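**Q** I would like the atomic coordinates for the input below:
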Amino acid sequence: MAYDLLLKNATVIDPAQNLDGRFDVAVDGDRITAVAPSIVGEARQVVDLEGKILTPGWIDIHAHIFAGFTTWGFKADALCLSTGVTTIVDAGSPGWANFLAFKEFIVEPARTQMLTFVHISGIGLTYGPAGEMTDMRYAAPEQTAFVIQEWPDICVGVKVRQAAFQVGDNGVEPLRLAVEAGRLSGTPVMVHIGAGVALPDVLAGMRPGDIATHCYQGHGDHILGDGTEVIAEVWQARERGILFDLGHGGGSFNFEVAKRALANGFVSDIISTDIHSSSFESTVQSLPDAASKLLNLGIDLRDIVRQTTASAAASIHRDDELGTLRPGTIADLAAFEILEGEYEFFDTHRQPHPGSALISPVLTVRAGQVYRPDDLRAEVEQEARRSAQTIRAIAGSNAAALQQLKQ
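**A** You can find the predicted model right below:
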């Protein structure tokens, strides 16, 4: 049998199918055709991945990619394809009022699959220096739900940020309205947890399947409370089915919080970058970079792959098509090698942590098309330069506001 693409001799890790071993993968068009210990046949393109790890394409469920329209907007298409990310999800940069611009100017031209949570604020995260839910007139549960239902191929749920800077004196009322939008649209709510709003109150308003992002943030009102142990309300929330996402970002990953949580046996459900124009390069370069930090904190590679593939896909209700190498599904794959050496990683507080392993991307397959990091290097650099212009303008005019953005 002839195939369009044949990936040979890789160590395949696919938690969705409990696959962990040496396999070949065949692709026809944009679909996975076969996965087997040895596939014999001709192919238009054969890639030998001897010594490499092959997984489903990685899924970054928390990023800000509404470039040119919002404060944090980051051009991420080439970066994704150079780092094994085949699906990236914007965490609420668009609201219902500017969603169509996200669809036309971000989603449609992209090679990477780009999805979004729709913010409960109708204008989304257009203007970062002002908290989007300090004025409740922007809250729009019915319109938010309508957009999600009208464009289910792009929209995966609702976003709300629950920290003092974002909600002012409104407490958990923005969350209540976001949950209403989630109920109307039948989708999960992603909730930014941060200082100034008590985490137990936030968790109490969330439903099974909702996602608490920034689970290892260290600014206050976090999973350790005022102590060194994961608080009871967090364990109870997990028992109820609430998911916990890393959401690294520019200010939301603290090594000490992560170490203490892991010592308690609390491991995030999903790894995401929260990559945006001020976090890229300064705190997090890519999803493999964020994942490498957890690898060096002792998380098993198989669990890291689960968090970036099967669990990420399930959290946005796309596990029927994404996060797996099951024949018949979209041909989204990622190949990596684990480099050994002496590395230094940093959290968002600039605390260092030494490491001996680095997850290094080798190849990305998106809908059957092969991409290699070296071929995309110039595009990634151009994206980064263009994305940095907005945040530099903010930093130059209001450094205090920039610090607020990182929290």
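
**Q** quick one, strands of the stretch 151-300 of the chain?
**A** Using DSSP state E, counting those that start in this stretch, the strands of the stretch 151-300 of the chain run over 155-162, 189-193, 211-213, 243-245.

**Q** out of those, which comes closest to Tyr3?
**A** For Tyr3, the closest of the strands of the stretch 151-300 of the chain is strand 155-162, at 31.4 Å, according to Cβ to Cβ. Placement of C-beta: from N, CA and C, glycine included.

**Q** what sits up against the closest one?
**A** 89, 91-92, 99, 115-120, 132-133, 144-145, 147-148, 167, 172, 174-175, 177-179, 181-182, 185, 187-194, 197, 202, 211, 316-318 (Cβ atoms under 8 Å, 6 or more residues apart in numbering).

**Q** so which of those sit within helices?
**A** 99, 144-145, 147-148, 167, 174-175, 177-179, 181-182, 185, 202 (DSSP state H).

**Q** the residue lying closest to Lys103 once chain neighbours are set aside: neighbour count?
**A** Nearest-residue entry for Lys103: Ile154, 6.1 Å, with adjacent residues in sequence omitted and distances by Cβ to Cβ, 6 or more residues apart in numbering. Neighbours of Ile154 under the rule other Cβ atoms under 10 Å: 22.

**Q** assess the claim that Ile154 and Glu104 are in contact.
**A** No. Counting by Cβ atoms under 8 Å, Ile154 sits too far from Glu104 to count as a contact (10.9 Å).

**Q** the nearest residue to Ile359 once chain neighbours are set aside: neighbour count?
**A** Nearest residue to Ile359, sequence neighbours excluded (Cβ to Cβ, 6+ apart): Pro288, at 4.2 Å. For Pro288, the neighbour count with other Cβ under 10 Å is 22.

**Q** thought Pro288 was touching Ala357?
**A** No. With contact defined as Cβ under 8 Å, Pro288 does not reach Ala357; the gap is 11.2 Å.

**Q** pLDDT weak spots in the stretch 301-407 of the chain?
**A** 389-407 (pLDDT under 70).

**Q** helices of that one, start to end?
**A** 301-308, 310-315, 373-397, 399-405 (DSSP state H, counting those that start in this stretch).

**Q** whichever of the ones in helices among the contacts of strand 155-162 end up buried, select them in ChimeraX.
**A** Only the buried entries of these go into this ChimeraX selection, using 16 or more other Cβ atoms under 10 Å:
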select :99,144,145,147,148,167,174,175,177,178,179,181,182,185,202
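
**Q** which one of the ones in helices among the contacts of strand 155-162 is nearest Leu325?
**A** Distances from Leu325 to the ones in helices among the contacts of strand 155-162, taken as Cβ to Cβ, are shortest for Ile148 (28.6 Å).

**Q** look up how far Gly194 lies from the closest one.
**A** 24 Å (Cβ to Cβ, to the nearest Å).

**Q** show me which pair in the ones in helices among the contacts of strand 155-162 is furthest apart.
**A** Phe99 and Val202 (25.2 Å).

**Q** ok, now which ones touch the residue nearest to Gln143 when sequence neighbours are not counted?
**A** Of all residues not flanking Gln143 in the chain, Trp96 sits nearest, at 4.2 Å (Cβ to Cβ, 6+ apart). Applying Cβ under 8 Å, 6+ apart, we find Trp96 in contact with Val118, Gly122, Ala140, Gln143, Thr144, Phe146, Val147.

**Q** next one, pLDDT for the spatially closest residue to the last one that is not a sequence neighbour please.
**A** So that's Val147. Excluding its sequence neighbours, the residue lying closest to Val147 (Cβ to Cβ, 6+ apart) is Trp96, at 4.5 Å. pLDDT, Trp96: 98.

**Q** and for the nearest residue to Gly328 once chain neighbours are set aside, the neighbour number?
**A** Closest residue to Gly328 apart from its sequence neighbours, by Cβ to Cβ, 6+ apart: Arg31 at 6.2 Å. By the criterion of other Cβ under 10 Å, Arg31 has 15 neighbours.

**Q** gap between Arg31 and Gln17?
**A** For Arg31, the distance to Gln17 - Cβ to Cβ - is 16 Å.

**Q** likewise for Phe23?
**A** Distance from Phe23 to Gln17, by Cβ to Cβ: 10 Å.

**Q** neighbour count winner among the two?
**A** Phe23 (22 against 14).

**Q** so which strand or helix has the more buried one?
**A** strand 19-28 (DSSP states H and E).

**Q** which one is His119 nearest to, not counting chain neighbours?
**A** Gly92 (3.8 Å).

**Q** ok, now which ones touch the one you found?
**A** Gly92 neighbours (Cβ under 8 Å, 6+ apart): Thr116, Phe117, Val118, His119, Ile120, Gly124, Leu125, Val158, Lys159, Val160, Arg161, Met190.
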